[in-house]
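Participant: Provided below for reference: sequence and predicted model.
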Amino acid sequence: MTMRASTRRVDGVTILDLSGRIILGEGSLVLHNQIRDLLAKSENKILLNLGEITYIDSSGIGELVSAFTTVRSQGGELKLLNISKKVHDLLQITKFFTIFDANDVKDDEASAVKAFTK
């Protein structure tokens, strides 16, 4: 399954809705390009909606870390929304959550949008 991405804005936050698999090749490249495009447009409050992500490989995890550090280095915020149990468990095993705090990962969109600084 090819990864697909679409964007929308809610209260000054850009929500990147992702579906499919974040894997070596096209999946991680789509995420990489979407993040760079948003930052180029000065959209630096980014919420990654992972509710439709079915699988992430090590390259995908690397791309998530890269996205997080790139956004932060440009003064922005990156948060995660709707992580499935399967993906959550994988991110937990790989210690991915050590770079995120509890305020960076949410299960509902309204609280995720409110979690961004004004």
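Facilitator: Cool, the structure landed.

Participant: hey, which helix or strand in this protein has the poorest pLDDT?
Facilitator: helix 85-93 (a mean of 87; mean pLDDT, DSSP states H and E).

Participant: From the contact counts, what lies against the helix or strand following that one?
Facilitator: Moving toward the C-terminus from helix 85-93, the next helix or strand (DSSP states H and E) is strand 105-106. The helices and strands touching strand 105-106, judged by 3 or more C-beta pairs under 8 Å, 6 or more residues apart in numbering; DSSP states H and E, are strand 77-81. Any C-beta I mention is one placed from the backbone N, CA and C, and that applies to glycine too.

Participant: Report the inter-axis angle for the strand it packs on versus helix 85-93.
Facilitator: With axes from the mean of the first three to the mean of the last three C-alpha atoms, to 10 degrees defining the directions, strand 77-81 sits at 130 degrees from helix 85-93.

Participant: Now do the strands in the chain.
Facilitator: For the chain, the strands defined by DSSP state E occupy 4-10, 13-22, 45-56, 77-81, 105-106.

Participant: Any idea which of those gets closest to Phe68?
Facilitator: strand 77-81 (5.0 Å; C-beta to C-beta).

Participant: Quick one: mean pLDDT over the closest one.
Facilitator: Across strand 77-81, pLDDT averages out at 96.

Participant: That strand pairs with which strands, and in what direction?
Facilitator: strand 45-56 (parallel), strand 105-106 (parallel) (DSSP bridges).

Participant: what does it contact?
Facilitator: Applying C-beta atoms under 8 Å, 6 or more residues apart in numbering, the set of residues contacting strand 77-81 from outside is 15, 44-51, 67-68, 71-72, 100, 103-109, 112, 115-117.

Participant: Pretty sure Val30 sits against Ala5.
Facilitator: Yes. The criterion here is C-beta atoms under 8 Å, and Val30 meets it with Ala5 at 5.5 Å.
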